[in-house]
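Visitor: Okay, predicted coordinates and the sequence, questions at the end:
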Amino acid sequence: MPTFQSNPVNQSKLARTIRRYPLLFGVPFCLIIVGASFGMQAFTQTRYDLQDRKIKQISDEQALGLGRAKRKLDIREEYFKLSAVNDNDWEQKRIARPPGLPEWGVPPIEPTVPENVKS
């Protein structure tokens, strides 16, 4: 059985030129990609500048607000506040242990190996 021809019968002039000189298509394509990269650099830089400006504005507002509301911590004052709280109105209750849990000091029971499992 004969094989088909690799070249079509009626090939256009553009297709023949690109087939003969592949750089006519590849070089301009690469130049467009590289040029677009440099062109997009300005837009990207503008985006990051605006984001940075917004973050600086928020941090300045927070810095102004935190400086005024902050008060000095005195450990003795905190101690007296905690000691003034009435915490004597509670009762200690023992919670029942879950079944199978031994009392304190008693070692746990060794697990038994089922008979059908061989080592």
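Guide: On my side now, so go ahead.
Visitor: Now do the helices in the protein.
Guide: For the chain, helices defined by DSSP state H occupy the ranges 13-20, 23-69, 75-84.
Visitor: Put together CSV for these, with mean neighbour count on each row.
Guide: Placement of C-beta: from N, CA and C, glycine included. Below are the helices of the chain laid out as CSV (neighbours: other Cβ atoms under 10 Å):
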stretch, mean neighbour count
helix 13-20, 11
helix 23-69, 10
helix 75-84, 9
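Visitor: Figure out which of these is closest to Arg97.
Guide: Closest of the helices of the chain to Arg97 is helix 75-84, at 32.9 Å (criterion: Cβ to Cβ).
Visitor: Packing partners of that closest one?
Guide: If you count contacts as 3 or more Cβ pairs under 8 Å, 6 or more residues apart in numbering; DSSP states H and E, helix 75-84 packs onto no helix or strand.
Visitor: so how far is that helix from its chain's centroid?
Guide: 41 Å (Cα atoms, centre = their mean, to the nearest Å).
Visitor: what's in contact with that helix?
Guide: Helix 75-84 has contacts (Cβ atoms under 8 Å, 6 or more residues apart in numbering) with no other residue.
Visitor: Tabulate the CA atom coordinates of it in CSV.
Guide: This file holds the C-alpha atoms of helix 75-84, laid out as CSV (Å, rounded to 0.1, in the frame of the first residue of the first chain):
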residue,chain,number,x,y,z
ILE,A,75,2.1,43.6,88.6
ARG,A,76,1.0,44.6,92.2
GLU,A,77,-2.2,46.1,90.9
GLU,A,78,-3.0,43.0,88.9
TYR,A,79,-2.3,40.8,92.0
PHE,A,80,-4.7,42.9,94.1
LYS,A,81,-7.4,42.7,91.5
LEU,A,82,-7.2,38.9,91.3
SER,A,83,-7.0,38.5,95.1
ALA,A,84,-10.1,40.7,95.5
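Visitor: now Ile18: how far from Gln45?
Guide: Plainly put, Ile18 is 37 Å away from Gln45 if you go by Cβ to Cβ, to the nearest Å.
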